[in-house]
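Novice: need a 3D model of the sequence below.
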Amino acid sequence: MLRIKVALFLLFTSASSAWADEALQRWVVDFKQEAQTQGISNNILNEVFQDFTPLPEVIRLDRKQPEEKLSFTKYFNNMLAPIQIRKGQRLYQENNGILRNIGENFNVQPHYVIALWGMESNYGSNSGNFLVPHALATLAYEGRRAAFFRGELLAALKILQSGVISLQDMRGSWAGAMGQCQFMPSSYLKYAVDYDGDGKKDIWQNKADVLASIANYLASEGWNGQLSWGSKVRFLENTPPKDGLDKIYGLDKIENWKKQNLQLLQPTTKLGDGLLKLTVPGKSDEGTWLTTGNFDVFMKWNRSRYFAVAAGSLGDAIYGQ
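Specialist: Below is the predicted model of the structure:
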C-alpha cells in the first residue's frame with residue numbers, strides 16, 4: 001500500500017510539474033510574440049528567456065504579508081538616523097559642484113535630490129541584486145499585478161535593446177526597481193538623463209546621471225524650486241490634530257492656517273502664499289506637517305506619506321534646516 005501511495009504521489013508531482021512547465025512555455029511564447037510587435041529583437045528575447053524560470057524568492061516577497069505595520073515614528077527615526085544624515089551631508093559637500101549645476105538646470109534644491117538618493121539606495125550602496133528582467137518576468141507570469149509587470153518587462157527589454165546595460169548588469173529590487181535611484185523601467189524611459197554626455201543614461205554606476213535623473217523626475221512632475229515641501233507644525237491651546245485632520249481642513253493659505261491656532265515649528269521654511277495642506281502621516285501624536293505642492297510630487301515618486309515626509313525631512317536635515 002505504501003509503495004502505491006508513493007507511486008501515486010510521484011505521478012501527481014510529475015504531472016503537476018509538467019503542467020507548470022507547459023503553462024510557462026505557453027506564456028513565454030505569447031509574451032515573445034507581443035514583444036516582437038513592439039520592436040524587441042529575437043536576440044534580446046532569446047538572451048533573456050533561454051535560462052528563465054520563475055524566481056521563488058520574488059514570488060515569496062510578492063506574496064508576503066507584513067506581520068505588523070511599522071509605526072510612523074519608528075520608520076521616520078530609521079530613515080533619519082544620525083548616520084544617514086551625516087553621510088548625506090558629506091556626500092552633499094563632496095558633490096557640491098555637480099549638485100549645484102543640476103539644481104540650477106532643473107530648478108530643484110540639491111538637498112532633496114541627495115535625500116531621495118539616500119532613501120532609495122542608501123546613497124548608491126544598496127540597489128538590489130535581482131536580475132531585473134527575470135524578476136519582472138516572474139511577476140508578469142504569476143504575480144498579483146501581472147498586467148502592470150508585463151508592461152514593465154517590455155520597458156526593461158527596450159532598455160536592454162538600447163545597449164545602455166547588459167542583461168547581467170541590469171540589477172535591482174525584487175519588484176524591478178533599478179539602479180541607485182530605483183526607477184522602474186517605464187520611469188527610466190521617461191525620466192533618465194545622460195547628464196555627462198557619454199551616450200548612456202546610466203543610473204547604475206554613473207553618479208551624475210543618477211542625480212540628474214532624480215532631479216528630472218521631480219521637475220517633470222511639477223516641483224517648485226522656490227518652495228520647500230513643508231514644515232512641521234503644532235496646534236496651540238486645546239486644539240490637537242485628529243487622525244485624518246488633513247481631510248477635514250483641506251487646502252488653505254498660510255494666514256488662514258495660522259488662524260486655526262497653528263504654529264510653524266520651522267518658521268524660516270519657504271511655504272509661499274499658495275494653498276497648503278495639513279498632512280498627518282501616522283497617528284495624531286506622531287507629528288503634523290503643513291505641506292506645499294512639492295509634497296505631492298514626493299507622493300508621485302512613492303505613494304506613501306511615511307516616505308514623503310521622511311524624504312523631505314531628510315533633505316532638510318542634510319541642508320541644516
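
Novice: going forward, measure contacts and count neighbours with C-alpha atoms only.
Specialist: Fine.

Novice: how about residue 312, what does it touch?
Specialist: Counting by Cα atoms under 8 Å, 6 or more residues apart in numbering, residue 312 makes contact with 112, 115, 229-230, 295.

Novice: and the gap between it and residue 176?
Specialist: Residue 312 sits 24 Å away from residue 176, going by Cα to Cα, to the nearest Å.

Novice: residue 270 and residue 254 touch, don't they?
Specialist: No - the criterion here is Cα atoms under 8 Å, and residue 270 misses it with residue 254 at 10.9 Å.

Novice: the more surrounded of those two?
Specialist: Neighbour tally, residue 270 and residue 254, criterion other Cα atoms under 10 Å: the higher count belongs to residue 254, 18 against 14.

Novice: wait, that one sits on residue 273?
Specialist: Yes - at 6.6 Å, residue 254 counts as touching residue 273 under the criterion of Cα under 8 Å.

Novice: downstream of the helix or strand harbouring residue 26, the next helix or strand is which one?
Specialist: Element membership of residue 26, judged by DSSP states H and E, is helix 2-37. Per DSSP H and E, the first helix or strand lying C-terminal to helix 2-37 is helix 42-49.

Novice: what residues of that next one count as buried?
Specialist: Of the residues in helix 42-49, 45, 48 count as buried by neighbour count, 16 or more other Cα atoms under 10 Å.

Novice: residues touching it, excluding its own?
Specialist: The contact list for helix 42-49 (Cα under 8 Å, 6+ apart) reads 28, 32, 36, 133-134, 157, 160-161, 167.

Novice: write the ChimeraX selection for whichever of these are buried.
Specialist: Selection command for ChimeraX covering only the buried members of the contacts of helix 42-49, criterion 16+ other Cα under 10 Å:
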select :28,32,133,134,157,160,161,167
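
Novice: can you put the contacts of helix 42-49 in JSON lines and add distance to residue 145?
Specialist: JSON lines is the format used below for the contacts of helix 42-49 (distance: Cα to Cα, whole Å):
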{"residue": "28", "distance to residue 145": "17"}
{"residue": "32", "distance to residue 145": "19"}
{"residue": "36", "distance to residue 145": "22"}
{"residue": "133", "distance to residue 145": "16"}
{"residue": "134", "distance to residue 145": "16"}
{"residue": "157", "distance to residue 145": "19"}
{"residue": "160", "distance to residue 145": "23"}
{"residue": "161", "distance to residue 145": "25"}
{"residue": "167", "distance to residue 145": "23"}
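
Novice: show me where the stretch 201-321 of the chain has helices.
Specialist: In the stretch 201-321 of the chain, the segments counted as helices under DSSP state H, counting those that start in this stretch are 207-220, 245-249, 254-258, 293-301, 305-319.

Novice: out of those helices, nearest to residue 87?
Specialist: With Cα to Cα as the criterion, residue 87 lies closest to helix 305-319 of the helices of the stretch 201-321 of the chain, at 8.7 Å.

Novice: that older thread, nearest to residue 80, of the helices of the stretch 201-321 of the chain?
Specialist: helix 305-319 (6.0 Å).

Novice: and that closest one, how far out from the chain's middle?
Specialist: Distance, stretch centre to chain centre, for helix 305-319: 14 Å (Cα atoms, centre = their mean, to the nearest Å).
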